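# Have a look at this prediction, sequence included:
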Amino acid sequence: MPTRRLLLLSVVLLLLVYNWWHFNHRRPGPHPMPAEAIADSTDIWTAYDNAVNLRDAPETQYGTAVDRINSAKTALPNPNLKVNADALADLRGCMLWLQFYRQTVNKPNPDPAWRERSLQHIQSCSKNHADIAH
């Protein structure tokens with residue numbers, strides 16, 4: 001009877017050692033799945049912050065800043081990747097508030113509440129996306 005237990009214990013230990021060795025020395029298969037690259041949206045938010053800094057500038061300067069944002073958007077690879085799609089959706093919202101600000105600031109009698117709301121959102125966009133990018 002004790003030899004049977006000893007034999008069973010030996011087999012179990014050998015299996016444990018084999019599994020440990022196999023786990024630590026296995027090689028990847030012939031066709032590993034490539035991981036999808038997550039693009040960095042820092043360029044988009046840098047361009048956005050530049051446009052925010054020029055929000056009260058003449059249209060030519062501000063228009064150039066908006067062109068930089070559009071260039072950064074088109075340079076973002078794989079826009080359907082969730083991380084990139086989320087960044088582009090956030091950018092659309094932030095750009096909308098920036099456009100609202102530009103429209104109200106150039107009116108002779110701008111609505112102070114609307115302008116203030118736009119400014120708060122613009123500042124929130126810049127702060128939040130600066131925190132995310134770093």
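Looks like it arrived, so ask away.
# low pLDDT regions in this protein?
By pLDDT under 70, the low-scoring segments of the chain are 1, 27-40, 106, 108-111, 130-134.
# Trp97 versus the residue most central in space within it, what's the distance?
In the chain, the centroid-proximal residue (C-alpha atoms, centre = their mean) is Val83; its distance is 4.8 Å. Separation of Val83 from Trp97 (C-beta to C-beta, to the nearest Å) stands at 22 Å. Backbone N, C-alpha and C define where each C-beta goes, glycine included.
# likewise Leu54?
15 Å.
# of those two, who's got more company?
Set side by side, Leu54 and Trp97 give different neighbour counts by other C-beta atoms under 10 Å, the larger being at Trp97 (19 against 15).
# Test my guess that the more buried one contacts Cys125.
Yes. Judged on C-beta atoms under 8 Å, Trp97 makes contact with Cys125 at a distance of 7.0 Å.
# Spatially, which residue comes closest to Asn78, not counting chain neighbours?
With C-beta to C-beta, 6 or more residues apart in numbering as the criterion, Asn78 has its nearest non-adjacent residue at 5.9 Å, and that residue is Asn84.
# The one you found: which element?
Using DSSP states H and E, Asn84 maps to helix 82-105.
# For the helix or strand following that helix, name the packing helices and strands.
Moving toward the C-terminus from helix 82-105, the next helix or strand (DSSP H and E) is helix 112-133. Where contact means 3 or more C-beta pairs under 8 Å, 6 or more residues apart in numbering; DSSP states H and E, helix 112-133 is packed against helix 42-53, helix 82-105.
# Any idea which of those gets closest to Glu59?
Using C-beta to C-beta as the measure, helix 82-105 is the one of the helices and strands packed on helix 112-133 that comes nearest Glu59, at 8.7 Å.
# what's the angle from the closest one to helix 112-133?
On the basis of axes from the mean of the first three to the mean of the last three C-alpha atoms, to 10 degrees, helix 82-105 is oriented at 150 degrees to helix 112-133.
# Can you dump the C-alpha atoms of helix 82-105 in CSV for me?
Written as CSV, here are the backbone C-alpha positions of helix 82-105 (Å, rounded to 0.1, in the frame of the first residue of the first chain):
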residue,chain,number,x,y,z
LYS,A,82,-12.8,53.3,-29.2
VAL,A,83,-10.1,55.4,-27.6
ASN,A,84,-9.7,57.5,-30.7
ALA,A,85,-13.5,57.7,-31.3
ASP,A,86,-14.0,59.0,-27.8
ALA,A,87,-11.2,61.6,-28.2
LEU,A,88,-12.8,62.8,-31.4
ALA,A,89,-16.3,63.0,-29.8
ASP,A,90,-14.8,65.0,-26.9
LEU,A,91,-13.1,67.3,-29.4
ARG,A,92,-16.4,67.9,-31.3
GLY,A,93,-18.0,69.0,-28.1
CYS,A,94,-15.2,71.2,-27.1
MET,A,95,-15.0,72.8,-30.6
LEU,A,96,-18.7,73.5,-30.4
TRP,A,97,-18.3,75.5,-27.3
LEU,A,98,-15.3,77.3,-28.8
GLN,A,99,-17.4,78.2,-31.8
PHE,A,100,-20.2,79.5,-29.6
TYR,A,101,-17.7,81.7,-27.8
ARG,A,102,-16.4,83.1,-31.0
GLN,A,103,-19.9,83.9,-32.2
THR,A,104,-20.9,85.7,-29.0
VAL,A,105,-17.7,87.6,-28.5
